[in-house]
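Peer 1: Predicted structure and sequence below. I'll ask about it afterward.
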Amino acid sequence: MLYTSIEKVKQHLISVFPVHERVFDQPVVLRDADFVTFFGGAVDESTLVVKSVQLNELKRVVVTLGISSTVLPDDLLIRGTVVVAADSSLSTVYVENIDYIIDYSGGAVTRKSGGVLSAGQQVVIWYGYYVSYSVGSDFVVNASNGSLRRTANGDIASGETVFLDYAPIIQSYNDVMIQNAVDEANGLIEKTIDPDQQFGIEPVLQIAATYRAVEVVSRASAARELSSQRGEYNVALAWIKLAEDYARRADELIQSFRPPVAGPSAPAAS
């Protein structure tokens, strides 16, 4: 008997947690045309950048610092390669995070308040940068499980080390988990309350089954959270508290529900 469903359970759940972090410069080796898992879960495909180092020397540019950020000719800068100096002789070398900050993904330099750099000042900047690859032509990504592979005719060579930028999507449960919870809740209600299936779509049983399924999903989500790469204890604790709340509410409904009591049977002649 179907007392609850995926749709009913989802009304009590938040589908996806906000992204908590951004990953930069993760090295991955792509071989042949095999999928390689780079994250143990879903990622935001729109944030994925696949890039590689293809130059052995730093690029040198002369720029005039603006009032706000100064954009360089290239983006996807390589961390640890940026040098900002007063001139080509390196007579004065400025210090990152004291005199300026770098947007490595956007390829921009910004003067920092309290530093010695000023707007309108001309500086020489050296930096290394990545070359990015194109989805579809150079690689294929499966964003739902955080994996990718090179294409046979793309620019990524077999065995090449590429570097990834991406934002994880923190999803503690999926439709399979919800369906399993629905099946478990429906079976439990049928076995303990309605073994003869005489109550059908009794609203109280529907709500109780839905609450029980939410409890099961919440406990499974807590376990999944603790075993994930990020392992956020506070998130897992929130799932456990949610499970306990729905378990209590389900118990109250089930305890208050009583099947009708059959009247005494008529005496039989002996």
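Peer 2: Perfect, I can see it now. Keep in mind the model is a prediction, meaning the values are calculated, not measured. Residues are numbered from 1 along each chain as shown.

Peer 1: Just give me the neighbour total for residue 105.
Peer 2: Applying other C-beta atoms under 10 Å, we find 15 other residues in the vicinity of residue 105. Glycine gets a C-beta too; all of them are placed from N, C-alpha and C.

Peer 1: measure the nearest residue to residue 97 once chain neighbours are set aside to residue 155 for me?
Peer 2: Taking C-beta to C-beta, 6 or more residues apart in numbering as the measure, residue 97 lies nearest to residue 112, with 7.1 Å between them; neighbours along the chain are not counted. Distance check for residue 112 against residue 155: by C-beta to C-beta, to the nearest Å, it reads 37 Å.

Peer 1: Also residue 254?
Peer 2: If you go by C-beta to C-beta, the gap between residue 254 and residue 155 works out to 61 Å.

Peer 1: Looking at the two, which one has more neighbours?
Peer 2: Using other C-beta under 10 Å as the criterion, residue 254 and residue 155 rank with residue 254 on top: 19 against 15.

Peer 1: Grab the nearest non-local neighbour of the more buried one.
Peer 2: Taking C-beta to C-beta, 6+ apart as the measure, residue 254 lies nearest to residue 208, with 5.2 Å between them; neighbours along the chain are not counted.

Peer 1: Please name the nearest non-neighbouring residue to residue 157.
Peer 2: The spatially closest residue to residue 157, leaving aside those adjacent along the chain, is residue 150, at 8.0 Å (C-beta to C-beta, 6+ apart).

Peer 1: Kindly apply the preceding question to residue 70 instead.
Peer 2: In space, and not counting its chain neighbours, residue 70 is closest to residue 109: 4.9 Å by C-beta to C-beta, 6+ apart.

Peer 1: So which bits of the strand or helix carrying that neighbour are buried?
Peer 2: Using DSSP states H and E, residue 109 sits within strand 108-111. Neighbour-count burial for strand 108-111 flags 108-109, 111 (criterion: 16 or more other C-beta atoms under 10 Å).

Peer 1: Pairing partners for that strand, with directions?
Peer 2: Taking DSSP bridges as the criterion, strand 108-111 pairs within the sheet with strand 70-71 (antiparallel), strand 100-103 (antiparallel).

Peer 1: Stretch 69-77: which residues count as buried?
Peer 2: For stretch 69-77, a neighbour-count test (16+ other C-beta under 10 Å) marks 69-70, 72, 75-77 as buried.

Peer 1: I should have written stretch 169-185 there, sorry.
Peer 2: 169-170, 172-174, 178, 181-182, 184-185.

Peer 1: what do you get for stretch 204-223?
Peer 2: 205-222.

Peer 1: Which ones among those map onto helices?
Peer 2: With DSSP state H as the criterion, helices contain 205-222 from among these.

Peer 1: so what's the residue most central in space within the chain scoring on pLDDT?
Peer 2: The geometric centre of the chain, computed from its C-alpha atoms, lies nearest to residue 169 (C-alpha atoms, centre = their mean), at 1.5 Å. The per-residue pLDDT reported for residue 169 equals 76.

Peer 1: count of neighbours near the closest residue to it other than its chain neighbours?
Peer 2: In space, and not counting its chain neighbours, residue 169 is closest to residue 42: 4.3 Å by C-beta to C-beta, 6+ apart. Other residues near residue 42 number 17, with proximity taken as other C-beta under 10 Å.
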